[in-house]
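A.B. asks: A predicted structure for the sequence below; I have some questions about it.
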There are 2 protein chains.
Amino acid sequence: MYAAILAGGSGTRLWPRSRQAQPKQFADILGTGRTMIQATADRLEGLVNGDQLYVVTGAQYAALAASQLSQIPANQIIAEPFGRNSAPAIGLACIHLAARDPDAVLAILPADHVITDVQHFQIALRSAEVAAQHGHLVTLGVTPDLPHTGYGYIRSGHELSISEEADLPLFVVERFLEKPDLATATAFLAAGGYFWNGGIFVFRVDRMLAEMARQLPEMYAGLMEIQASLKTGSAAQCLAEVWPQMPNISIDYGVMEGAEFVAMAPLQAGWNDIGSWDALTNVLAQDEHQNYIARGETLAIESCGNIVYSDKKLVALIGAHDLVIVDTGDALLVGHKSQMQKVKEVVEHLRKQGHTDLL
Amino acid sequence: MYAAILAGGSGTRLWPRSRQAQPKQFADILGTGRTMIQATADRLEGLVNGDQLYVVTGAQYAALAASQLSQIPANQIIAEPFGRNSAPAIGLACIHLAARDPDAVLAILPADHVITDVQHFQIALRSAEVAAQHGHLVTLGVTPDLPHTGYGYIRSGHELSISEEADLPLFVVERFLEKPDLATATAFLAAGGYFWNGGIFVFRVDRMLAEMARQLPEMYAGLMEIQASLKTGSAAQCLAEVWPQMPNISIDYGVMEGAEFVAMAPLQAGWNDIGSWDALTNVLAQDEHQNYIARGETLAIESCGNIVYSDKKLVALIGAHDLVIVDTGDALLVGHKSQMQKVKEVVEHLRKQGHTDLL
């Protein structure tokens, strides 16, 4: 199995730790000593070697990715001229791998996920691989533990007969569902058979390219131009010319929802996407005062429910509740946990004020 | 007129800006570019020259005081071997000045006050000087604007006939009153004729020493020993021997309350003592979001009533209310305004943990 890590996001909702020069996937958000993209690669150990690993990222981050993932050959760090969306990014990974191994199985992994149970994660990937080898486009369906309204959902259908070859049951995907409201999400959980669409996909490269050719023919034509150029000296120029014409479309909308033979393998492995600071409560341990300390030393007096991220200094809390506190060398964020989606507004303000040093 | 600045406090309630190595009086707490002791000296400009100015501070702060107040001759920075209380500190200032000018008028000024109306402050000091020249021990009585329970009060009696020589009316002090409860303080304000005891005193040195001799004879004897040693080469040794025997008593309890001829000059000059971070709301301007920015740049989104002190970094607030946020190079304090008296607990914890670098 091969894998491609998608590392193109800007991660502004994790400002001030996530920065234009070093977005969250290249930062050690959890204080583990590993950046998120390194943790993503680590999670594949024993399943996908560095030699079989690709990264798709913005051109400005290619050198950073290479330095953080020295096990990956330099020509497998694929640079997008600028960020598009997941369909073109995955297409780019496909044509690179197709030139090497046309019917290879490829796993697509976003660089900003947190998965606590690596063993189960690998079992899910291996099970998905079974379905992929049979020609299915496979998505991992995250078993939901609460009616989250921030994720798309997958409704699973009947179990596939090829399940018996895998460690986990494999299902037909009956339907992809957009982010629901709370009542709908609650009904999903009560009904059962609904999973979060976590954005992890496994497929045979030839099958994905065939679906792209059928559903996104213009994008596919562009990919073929780029593929042809890979063997010539003009690859960079071709990419620069073709890329702006790529559709800004996600793999879910562009391919998966309309594809034939879409399967699902269930993932029950402590999956989280760290979309914003308040999401850290899902992945960090609580201390005795119900505070979540991502990094740094904290002294809490009559304070609880806070998330604290400090580069190195001591943080003292007094009567502070449900705050997110993120301290970096040049910026400090203090906000209420319930309002962390507004970090984007902070970044927008800074941009308007010309504070490029802080973006 | 001469003046002595009392700069012996440790200021732990303003941690982490106030530190053992640099207590609040030597720090620029208000972000004005001047430390509190510098502002105290600045406030005397035109009234008391550097040549007539003394500082009493702990031995470990003498060099710091000298460097911050270069206008003061080095021998007028008086070092206490260790912090005692205000009566011995003032006694020390008195014997130094008495050797130079026995019936000089001396003003005693704590180094951690904020006074916004310097002109009126100087008028009050000049008026107090008139009474002091007539032999009164004078205290400045701060006109109260709220029933504060954190200050002692002064009850004024009849106006002195010598008032006509001064710009402000001068009163006999009828009584010193301890910190009242809220009901009592409210009654004081309703009755009128009550003032806060702000700890600023003006007196003739011979009069103060005579009162010390009468009311604190042992302390006076110690002071006389020290005074005699000043003309010899053994001053430092004498001070080190005598100082530990000095009573740990305030000038209020030890002298003023039992003294004869105690007068009061009213002070209505925007007086504040910055005893804790929440007190900054009294002296800092509010921005359009009712936030008080002592230092640094702040970006506030749906946040109000916060006090922000940042050395240099940008502070972004989101949905934060009534917090005190103090950021220094090595420590960050985030607390609710109503609980700032607990900063002392933080310092105590750090001491127990052996975090001497942060004290």
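C.D. replies: Everything's here; your move.
A.B. asks: contacts and neighbour counts: CA atoms only from here.
C.D. replies: Will do.
A.B. asks: Excluding covalently adjacent residues, which one is nearest to the residue of the stretch 101-250 of chain A found nearest chain B?
C.D. replies: The nearest approach of the stretch 101-250 of chain A to chain B comes at residue A:150, 20.7 Å away (Cα to the nearest Cα). Leaving aside its sequence neighbours, residue A:150 sits nearest to residue A:179 (Cα to Cα, 6 or more residues apart in numbering or on different chains; 5.9 Å).
A.B. asks: for residue A:69, same thing?
C.D. replies: Nearest in space to residue A:69, with sequence neighbours left out and distances taken as Cα to Cα, 6+ apart, is residue A:38 at 6.6 Å.
A.B. asks: ok but that neighbour is inside a helix, no?
C.D. replies: Yes: per DSSP: H, G, I helix; E, B strand; the rest coil, residue A:38 lies within a helix segment.
A.B. asks: Need the three-state assignment for the residue of the stretch 101-250 of chain A closest to chain B.
C.D. replies: Put simply, residue A:150 is coil when judged by three-state DSSP.
A.B. asks: which secondary structure elements does the helix or strand that residue A:315 is a member of contact?
C.D. replies: Secondary structure assigned from DSSP states H and E places residue A:315 in strand A:314-318. Under the contact criterion of 3 or more Cα pairs under 8 Å, 6 or more residues apart in numbering or on different chains; DSSP states H and E, strand A:314-318 touches strand A:298-301, strand B:331-336.
A.B. asks: ok, longest strand in chain A?
C.D. replies: Counting by DSSP state E, the longest strand found in chain A is strand A:194-204.
A.B. asks: Just the residues contacting it, thanks.
C.D. replies: A:103-110, A:125, A:128-129, A:132-133, A:135-144, A:151-156, A:188, A:266 (Cα atoms under 8 Å, 6 or more residues apart in numbering or on different chains).
A.B. asks: now with 6 Å?
C.D. replies: A:103-109, A:132, A:137-144, A:152-155, A:188 (Cα atoms under 6 Å, 6 or more residues apart in numbering or on different chains).
A.B. asks: Give me the subset of those residues lying in strands.
C.D. replies: A:105-109, A:137-142, A:153-155.
A.B. asks: nearest to residue A:60, of those residues?
C.D. replies: residue A:109 (20.0 Å; Cα to Cα).
A.B. asks: tell me the SS of the closest residue to the closest one other than its chain neighbours?
C.D. replies: Among residues not flanking residue A:109 along the chain, residue A:5 sits closest, at 4.7 Å (Cα to Cα, 6+ apart). When classified by three-state DSSP, residue A:5 comes out as strand.
A.B. asks: What about residue A:5, how many residues nearby?
C.D. replies: Per other Cα atoms under 10 Å in any protein chain shown, the neighbour tally for residue A:5 reads 23.
A.B. asks: now swap in residue A:65 and tell me
C.D. replies: 23.
A.B. asks: ok so it is a helix residue?
C.D. replies: Yes: in this structure, residue A:65 lies within a helix as judged by three-state DSSP.
A.B. asks: quick revisit: extract the C-alpha set from the longest strand of chain A and format it as PDB.
C.D. replies: What follows is strand A:194-204, C-alpha atoms only, in PDB (Å, rounded to 0.1, in the frame of the first residue of the first chain):
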ATOM      1  CA  TYR A 194     -24.400   6.600  10.200                       C
ATOM      2  CA  PHE A 195     -20.700   7.500  10.300                       C
ATOM      3  CA  TRP A 196     -18.600  10.700  10.100                       C
ATOM      4  CA  ASN A 197     -16.900  11.300   6.900                       C
ATOM      5  CA  GLY A 198     -13.400  11.800   8.100                       C
ATOM      6  CA  GLY A 199     -11.700  12.400   4.800                       C
ATOM      7  CA  ILE A 200      -9.500   9.300   4.700                       C
ATOM      8  CA  PHE A 201      -9.800   7.400   1.500                       C
ATOM      9  CA  VAL A 202      -8.300   4.200   0.100                       C
ATOM     10  CA  PHE A 203      -8.500   3.200  -3.600                       C
ATOM     11  CA  ARG A 204      -6.700   1.700  -6.500                       C
END
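A.B. asks: Quickly find the element holding residue A:120.
C.D. replies: Assignment of secondary structure by DSSP H and E places residue A:120 within helix A:118-133.
A.B. asks: Tell me the buried residues in that helix?
C.D. replies: If you call a residue buried by 16 or more other Cα atoms under 10 Å in any protein chain shown, then helix A:118-133 has these buried ones: A:118, A:120-133.
A.B. asks: Got the domain ranges for chain A?
C.D. replies: According to automatic domain parsing, chain A comprises the domains A:2-273, A:277-358.
A.B. asks: Output the set of residues of chain A in proximity to chain B.
C.D. replies: Residues of chain A lying close to chain B (Cα under 6 Å from any Cα of the partner chain) are A:313-320, A:330-336.
A.B. asks: Leaving out sequence neighbours, find the closest residue to residue A:52.
C.D. replies: Of all residues not flanking residue A:52 in the chain, residue A:2 sits nearest, at 5.0 Å (Cα to Cα, 6+ apart).
A.B. asks: so how many other residues sit close to the one you found?
C.D. replies: 23.
A.B. asks: Would you quantify the distance from residue A:52 to chain B?
C.D. replies: Taking Cα to the nearest Cα, to the nearest Å as the measure, residue A:52 falls 42 Å from chain B.
A.B. asks: Go ahead and confirm that residue touches residue A:5.
C.D. replies: No: using Cα atoms under 6 Å, residue A:52 is not in contact with residue A:5; the gap is 11.2 Å.
A.B. asks: Is the most centrally placed residue in chain A bridged to anything, and to what?
C.D. replies: Residue closest to the average C-alpha location in chain A (Cα atoms, centre = their mean): residue A:110, at 2.3 Å. Residue A:110 has these beta-bridge partners by DSSP bridges: residue A:6.
A.B. asks: I figured it hits residue A:6, correct?
C.D. replies: Yes: counting by Cα under 6 Å, residue A:110 does reach residue A:6; the two are 4.7 Å apart.
A.B. asks: where's the nearest residue to residue A:30 once chain neighbours are set aside, which helix or strand?
C.D. replies: Nearest residue to residue A:30, sequence neighbours excluded (Cα to Cα, 6+ apart): residue A:294, at 5.5 Å. Assigned by DSSP H and E, residue A:294 falls within strand A:292-295.
A.B. asks: And for that strand, what's in contact with it?
C.D. replies: When contacts are defined by Cα under 6 Å, 6+ apart, strand A:292-295 is touched by residues A:30, A:31, A:286, A:306, A:307, A:308, A:309, A:310.
A.B. asks: before we move on, what about stretch A:61-78?
C.D. replies: Residues contacting stretch A:61-78 (Cα under 6 Å, 6+ apart): A:50, A:51, A:54, A:55, A:56.
A.B. asks: run the last query once more with 7 Å
C.D. replies: Contact with stretch A:61-78 is made by A:38, A:50, A:51, A:53, A:54, A:55, A:56, A:57, A:79, as judged by Cα atoms under 7 Å, 6 or more residues apart in numbering or on different chains.
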